[in-house]
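> build me a model from this:
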Amino acid sequence: MAFFLTLLRSQLLIKLPYPTWSFEGQTVIITGSNTGLGLEAARHIVRLSAAKVILAVRTIAKGEAAASSIIFSTRATKNTLEVWPLDLSDYESIKAFGARLQTLDRMDAFIQNAGMLTNHFKVEGESGLESHIAINAVGAVLVGLLALPKLKEIARQTGTRKRLSFIGSDLHFIAAFKEAEHDGSLLDVLSDEKIADMNDRYRVSKLLLHYSVQHLAALTPLSSGSDVIITDATPGACESDLFRDDIGWLRSRIQPIVLKLFVRTTEVGSRALVHSVHPGLDPEAHGRLLMDCRVVADWETVTGERGKALRERWVGELWPRFEGIVPGVTAVLEH
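Numbers count the residues shown, from 1 in each chain. Got it, this is the predicted structure:
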C-alpha cells in the first residue's frame with residue numbers, strides 16, 4: 001500500500017521541472033533514443049545548446065528519422081546529431097559501440113535509456129539469457145562500463161564532472177523476485193521458462209539494474225581520478241512505446257482512458273532523463289535513485305537483509321560474466 005500511495009503522489013501531485021540547464025558545448029549520448037522518452041530527452045538536450053547529441057539505436061533508419069524530427073523541431077544544424085548502431089542483446093554490437101566511444105574527443109554525459117518490456121518469455125540467442133535480463137540488466141550495465149573510461153578520461157582532461165545515468169523504474173520497489181528462492185546461478189534461474197514469473201520480470205530486471213548501479217558507484221567513488229556521477233533515474237509511469245505486446249479488445253478500450261488520467265506524457269517523463277545528467281547534478285546523487293528529479297531513499301527490496309544478500313549474489317555473478325565478454329572491462333574500476 002505504501003508504494004501505491006507514493007506512486008499516486010508522484011504521478012498526480014508532483015510536477016517535474018521543465019529543463020533549463022545549459023548543455024552548451026557538451027557531447028551527450030542517449031541509447032534507445034529513436035522513440036519515446038529517449039527521443040524527447042534528446043530533443044530537450046539539443047534545445048539546451050549541446051554541441052553534439054549521439055542517438056544510439058538498434059535500427060539506423062529509425063534513428064535517422066528521429067534525428068530529422070529533432071532538427072525540424074529545434075532548428076538545430078545537422079552536424080549536431082549523429083546516429084550510431086547499438087543492440088543491447090548483441091555482445092558484438094555492444095563491443096563495437098564501446099570501441100567507437102573511445103574515439104570521441106569529448107563525452108560529457110551518457111544516458112543508458114534503452115530497455116524492453118514484454119509479458120512473453122524469450123531467450124536471446126547469443127547470451128542464452130531471458131530477454132529482460134539480457135537487455136535491461138546485463139547489456140545496459142555493460143554499455144555503461146564501456147562508457148565509463150572515456151567519461152573518466154575527459155573528466156580528468158577538462159577538470160569538469162561527467163555524468164552516467166541508467167534509466168530504471170520505481171517498480172523495482174515491489175519486485176517479488178520469487179525465482180531467487182531457487183538454488184544456483186541467478187542468471188540460469190532467471191532464464192528457466194518453467195519457473196519464470198513474467199508478471200514480475202520487468203520489475204526484477206530493474207531491481208537488478210539498481211543493484212548494479214549501486215555496486216558500480218561504490219567501486220568508483222567520486223575523486224579527481226574518477227569524477228563521474230553514476231545514477232539510477234526513474235521517470236515514473238509515462239506514455240511510452242516500451243510495452244508493445246498485443247492486448248485484448250476490452251483492455252485496449254479501457255487502458256488509454258486510465259493512462260490518460262494517471263501517466264505522465266512522454267515529454268514530461270523525459271525531463272527526468274535530462275535532470276539525471278544535467279551539468280549541476282548534486283554529488284549526493286552518486287549511486288542513488290533519482291525519482292521526481294530528486295534523490296530518494298531506497299526501499300526494503302534494496303535495504304533489507306534479503307535485498308543486500310541478493311545484491312551480493314547478483315554482482316558476484318555479473319562482474320565475472322562481463323570479463324568473459326570483454327576481458328579487462330572491469331579494470332576501469334581500479335583507476
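> which residue ranges of the protein form strands?
Counting by DSSP state E, the chain has strands at residues 27-31, 52-57, 81-85, 109-112, 123-124, 129-130, 162-167, 228-234, 289-291, 294-296.
> give me the contacts around the fifth one.
Which is strand 123-124. Defining contact as Cβ atoms under 8 Å, 6 or more residues apart in numbering, one finds that strand 123-124 is touched by 89, 129-131, 134-135, 191, 193. For every residue, glycine as well, the C-beta is placed using N, CA and C.
> equivalent analysis for stretch 205-212, please.
Counting contacts by Cβ under 8 Å, 6+ apart, the residues outside stretch 205-212 that touch it are 115, 132-133, 135-137, 140-141, 166, 168-169, 171-172, 175, 177, 232, 289, 298, 301-302, 310-311, 314-315, 318.
> which of these fall within helices?
Secondary-structure check on the contacts of stretch 205-212 using DSSP state H: residues within helices are 132, 140-141, 301-302, 310-311, 314-315, 318.
> do I have it right that Ile154 meets Leu164?
No - under the criterion of Cβ atoms under 8 Å, Ile154 lies out of contact with Leu164, with a separation of 11.7 Å.
> how about Gly307: what's its closest non-neighbour residue?
When the adjacent residues along the chain are set aside, Gly307 lies closest to Thr301, with 5.1 Å between them (Cβ to Cβ, 6 or more residues apart in numbering).
> residues in contact with that neighbour?
Here Thr301 is in contact with 172-175, 177, 207, 307 (Cβ under 8 Å, 6+ apart).
> go through these and say which is closest to Ala272.
Taking Cβ to Cβ as the measure, Ala272 lies nearest His172 of these, at 15.1 Å.
> related to what we said a few turns ago, more crowded one of Ile154 and Leu164?
The residue with the greater number of neighbours, taking Ile154 and Leu164 and applying other Cβ atoms under 10 Å, is Leu164; the counts read 28 against 19.
> so the more buried one touches Leu146, yeah?
No - the criterion here is Cβ under 8 Å, and Leu164 misses it with Leu146 at 10.8 Å.
> picking up where we left off before, how about the ones in helices among the contacts of stretch 205-212 in CSV, adding distance to Thr31 and pLDDT?
Supplementary listing: these in CSV, determined by distance: Cβ to Cβ, whole Å; pLDDT from 0 to 100:
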residue, distance to Thr31, pLDDT
His132, 16, 97
Ala140, 8, 98
Val141, 12, 98
Thr301, 25, 91
Val302, 24, 94
Leu310, 26, 97
Arg311, 24, 97
Trp314, 22, 98
Val315, 22, 97
Leu318, 19, 97
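> skip the chain neighbours and tell me the closest residue to Ser131.
Nearest non-adjacent residue to Ser131, counting by Cβ to Cβ, 6+ apart: Lys122, 4.7 Å away.
> separation between the one you found and Leu37?
Lys122 sits at a distance of 23 Å from Leu37 (criterion: Cβ to Cβ, to the nearest Å).
> if we can go back for a sec, for the residue nearest to Ser131, grab phi and psi.
Per-residue torsions, Lys122: phi -150, psi 140 (degrees, to the nearest 10).
> go ahead and confirm it touches Leu129.
No - using Cβ under 8 Å, Lys122 is not in contact with Leu129, being 10.0 Å away.
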